[in-house]
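Undergrad: Requesting a structural model of the entry that follows:
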Amino acid sequence: MKPVTEKLVLAFAFDMFPESPAVRVDFGLDGAGATKKFGALQAGWRRESFSEEELDAALGNGPALTALVARGGSTVVFTTAWDDLPDEEDEDDEQAQVAFGG
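TA: Next up is the predicted model:
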């Protein structure tokens, strides 16, 4: 499990909003509704609606985080700063198009 995920799990256990800016950004807890989003994740974790490994895999992925909390009945929608970044495969395709005049 990534250290940032471990910090979030500790925040769940101690019932404290995470202090780490990295945790807040990577799990979409840095904008409007952050407290509600934290609560949705914490509730899902406490109910075991998802595993810590699944939470770790969803790091930086708003739709994946939304899907995790939806398992427990939450309608909270997550976005992260990472959602709009192209993945490496997309970047490779763009670079190839430029290199070959596409």
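
Undergrad: Residue 6: neighbour count?
TA: Per other Cβ atoms under 10 Å, the neighbour tally for residue 6 reads 13. Glycine gets a C-beta too; all of them are placed from N, C-alpha and C.

Undergrad: residues touching it, list them.
TA: By Cβ atoms under 8 Å, 6 or more residues apart in numbering, no residues touch residue 6.

Undergrad: Need the three-state assignment for the closest residue to residue 18 other than its chain neighbours.
TA: With sequence-adjacent residues excluded and distances taken as Cβ to Cβ, 6 or more residues apart in numbering, residue 18 is closest to residue 11, at 4.2 Å. Recorded secondary structure, residue 11: helix (DSSP: H, G, I helix; E, B strand; the rest coil).

Undergrad: Tell me, what's the model's pLDDT at residue 11?
TA: The model reports residue 11 with a pLDDT of 97.

Undergrad: And it, how far from residue 86?
TA: From residue 11 across to residue 86, the span is 30 Å (Cβ to Cβ, to the nearest Å).

Undergrad: Of the two, which one has the most company?
TA: residue 11 (21 against 10).

Undergrad: Report the contact partners of that one.
TA: 17, 18, 23, 38, 42.

Undergrad: Next, give me the two most distant ones among the residues you listed.
TA: 23 and 42 (12.6 Å; Cβ to Cβ).

Undergrad: The two: which has the busier surroundings?
TA: Comparing residue 23 with residue 42 by other Cβ under 10 Å, the one with more neighbours is residue 23, at 23 against 18.

Undergrad: thought residue 83 was touching residue 61?
TA: Yes. Residue 83 is in contact with residue 61 according to Cβ atoms under 8 Å; the separation is 7.1 Å.

Undergrad: neighbour count winner among the two?
TA: Neighbour count, other Cβ under 10 Å: between residue 83 and residue 61, residue 61 has more, with 19 against 14.

Undergrad: right, and the more buried one touches residue 80 too?
TA: Yes. At 6.7 Å, residue 61 and residue 80 qualify as touching, with contact defined as Cβ under 8 Å.
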